[in-house]
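A.B. asks: With the input below, show me the fold.
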Amino acid sequence: VGGDCGGGGSSEEEGTMDAAPSRKIWPWGNARDWRQSCLKDRKDSTAIAKIQALFRGRHARKTHLPMVKSGRAWGPPVWMKPEAITAMLRLAQAGPEDVLFDMGSGEGHVLIIGLREFGVKKAIGIEIDELRIRTAERRLRNSGFNNRAICRRKDILDVKGAGVAEATIVTAFVSPDAHQRLLPKLVAECNANTKIVFYAF
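C.D. replies: You can find the predicted model right below:
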């Protein structure tokens, strides 16, 4: 789903942006189907979180299970293919003047591709998992981009605390439920010309 904050809209076709302020294009045809899918997704995410917590040990139990139980946005660590990240940033027409925010940035894959392939001025990752932040910071240092990138430990739904007001591009790869809760917060907090690109989970 791609869109401009000013219009709060979504792209009608893959690879295009529609800034019409009154339009809402839902991936499942209508809002009712979208909500039903989100409810199912929330149940699936809860089950996945509990299973992963068993295998990932004490850190996962301390970090992820409380988030799921309190209804906060959470998704299992699933990584996008580099070509998908490139397509997202190409859709947003990322360039040297952009400040890129990646919501749920994980290990920094979007940040690194934004800096390396599109030359964005600054890349900021918002992530709740401290271990994944450390991994992202290490990868950014190894890639030589640590002076133009930062990872902030925040809940992605705390968009004001994350500082997204300075973003010119916002990307996210989270569950449909998190998308639905995140989008209106971004629309309210971002500047009118900020481009938002969501990748379907």
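
A.B. asks: for stretch 124-139, which positions count as buried?
C.D. replies: 124-129, 132-133, 135-137, 139 (16 or more other Cβ atoms under 10 Å). Bear in mind the C-beta positions are built from the backbone N, C-alpha and C, glycine included.

A.B. asks: Worst mean pLDDT across the helices and strands of this protein, which element?
C.D. replies: Least confident helix or strand, the chain: strand 2-4 with a mean of 43, by mean pLDDT, DSSP states H and E.

A.B. asks: Just the buried residues of stretch 124-139: which are in strands?
C.D. replies: Among the buried residues of stretch 124-139, the residues falling in strands (DSSP state E) are 124-127.

A.B. asks: For these, give me TSV that also has distance to A149 and pLDDT.
C.D. replies: Rendered in TSV, the data for those read as follows (distance: Cβ to Cβ, whole Å; pLDDT from 0 to 100):
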residue	distance to A149	pLDDT
I124	7	97
G125	7	97
I126	12	95
E127	12	92
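
A.B. asks: ok, those residues vs M80, which is closest?
C.D. replies: Checking those against M80 with Cβ to Cβ, the nearest one is G125 at 13.7 Å.

A.B. asks: how near is the nearest residue to that closest one once chain neighbours are set aside to A192?
C.D. replies: Closest residue in space to G125, ignoring its immediate chain neighbours: S105 at 2.8 Å, by Cβ to Cβ, 6 or more residues apart in numbering. S105 sits 24 Å away from A192, going by Cβ to Cβ, to the nearest Å.

A.B. asks: between the two, which one's more packed in?
C.D. replies: The residue with more neighbours, out of S105 and A192, is S105; 27 against 10, by other Cβ atoms under 10 Å.

A.B. asks: and the more buried one, that one's in a strand?
C.D. replies: No - counting by DSSP: H, G, I helix; E, B strand; the rest coil, S105 falls outside a strand, being coil.

A.B. asks: I figured it was touching R139, is that so?
C.D. replies: No - look at S105 against R139 with Cβ atoms under 8 Å: they stay out of range, at 10.9 Å.

A.B. asks: pLDDT wise, what is L140 at?
C.D. replies: pLDDT for L140: 94.

A.B. asks: In the helix or strand containing L182, which residues are buried?
C.D. replies: Taking DSSP states H and E as the definition, L182 sits inside helix 176-189. For helix 176-189, burial by neighbour count (16+ other Cβ under 10 Å) applies to 176-183, 185-187, 189.

A.B. asks: ditto for stretch 92-102
C.D. replies: By neighbour count on 16+ other Cβ under 10 Å, the buried set for stretch 92-102 is 92, 94, 98-102.

A.B. asks: F118 reaches A94, doesn't it?
C.D. replies: Yes - using Cβ under 8 Å, F118 is in contact with A94, at 4.0 Å.

A.B. asks: Show me where the protein has its strands.
C.D. replies: Under DSSP E, the chain gives strands at 2-4, 99-103, 122-127, 149-153, 169-172, 195-198.

A.B. asks: now those in CSV, with distance to I112?
C.D. replies: Below are the strands of the chain laid out as CSV (distance: least, Cβ to Cβ, whole Å):
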stretch, distance to I112
strand 2-4, 21
strand 99-103, 10
strand 122-127, 8
strand 149-153, 8
strand 169-172, 13
strand 195-198, 17
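
A.B. asks: Cool, thanks, signing off.
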